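S.K.: whatever this is, show me its structure:
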Amino acid sequence: MTKKAILTLLALAMYLVTVRAGYTAEPQKPNNKDKCPVCGMIVHPHPQWLAQIIFKDGSYAMFDGPKDMLKYYHNMAKYNKEKTQVDISDIYVTEYYTTKPVKAQEITFVSGSDVMGPMGREFVPVSDDKVKGFMVDHKGEKSIKFADIKAADLTDEKTDHHKKGY
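M.R.: Okay, here's the model as predicted:
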């Protein structure tokens, strides 16, 4: 192999790595077999609550609501021993008012409101410009960004219906 061919292959490899590093996975549409790995609920009947984690290898996990997605995210070893947070490409949740998928890192979550998801109380994804109104209209207790949600926030008796047997 010539020096020029080797340099060309190296340049191509670097380009592919660069393109892959900037890769953004598109939100997936659930099929009628996708189950939440946290609670086992089939997710497609609840499109207004759909949350998903898409991995760099193209695989994904679908959730019946943001609360279960957050539980999975904060304890991946329990729910998927083959993946870690490093393997994640993108995380999407469904914005409450528009019912459109948005990146979890770009939205605010409201906890403690009177809005119930398929598994009871939820961490409701609300666009930043609508949070104040949502908190007033639905008695939200706390608004929080994705990066600030900790595992301990998910074990509150008000939001953890898995413990209560729901």
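
S.K.: only C-alpha atoms from now on, for both contacts and neighbour counts.
M.R.: Fine.

S.K.: so where do the strands sit in the protein?
M.R.: Remark: strands assigned in the chain by DSSP state E are 51-55, 60-63, 88-94, 101-103, 108-111, 116-117, 120-121, 124-126, 142-145.

S.K.: now those as JSON lines including mean neighbour count, distance to Val38 and mean pLDDT?
M.R.: What follows is those, written out as JSON lines (neighbours: other C-alpha atoms under 10 Å; distance: least, C-alpha to C-alpha, whole Å; pLDDT from 0 to 100):
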{"stretch": "strand 51-55", "mean neighbour count": "25", "distance to Val38": "12", "mean pLDDT": "97"}
{"stretch": "strand 60-63", "mean neighbour count": "24", "distance to Val38": "8", "mean pLDDT": "96"}
{"stretch": "strand 88-94", "mean neighbour count": "23", "distance to Val38": "16", "mean pLDDT": "97"}
{"stretch": "strand 101-103", "mean neighbour count": "20", "distance to Val38": "20", "mean pLDDT": "97"}
{"stretch": "strand 108-111", "mean neighbour count": "24", "distance to Val38": "19", "mean pLDDT": "96"}
{"stretch": "strand 116-117", "mean neighbour count": "16", "distance to Val38": "15", "mean pLDDT": "94"}
{"stretch": "strand 120-121", "mean neighbour count": "18", "distance to Val38": "14", "mean pLDDT": "92"}
{"stretch": "strand 124-126", "mean neighbour count": "28", "distance to Val38": "18", "mean pLDDT": "98"}
{"stretch": "strand 142-145", "mean neighbour count": "16", "distance to Val38": "22", "mean pLDDT": "96"}
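
S.K.: would you turn those into CSV with distance to Cys36?
M.R.: Below are the strands of the chain laid out as CSV (distance: least, C-alpha to C-alpha, whole Å):
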stretch, distance to Cys36
strand 51-55, 9
strand 60-63, 4
strand 88-94, 14
strand 101-103, 17
strand 108-111, 20
strand 116-117, 14
strand 120-121, 15
strand 124-126, 17
strand 142-145, 22
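
S.K.: so which of those gets nearest Asp34?
M.R.: strand 60-63 (6.5 Å; C-alpha to C-alpha).

S.K.: elements contacting the closest one?
M.R.: Strand 60-63 sits against strand 51-55, with contacts defined as 3 or more C-alpha pairs under 8 Å, 6 or more residues apart in numbering; DSSP states H and E.
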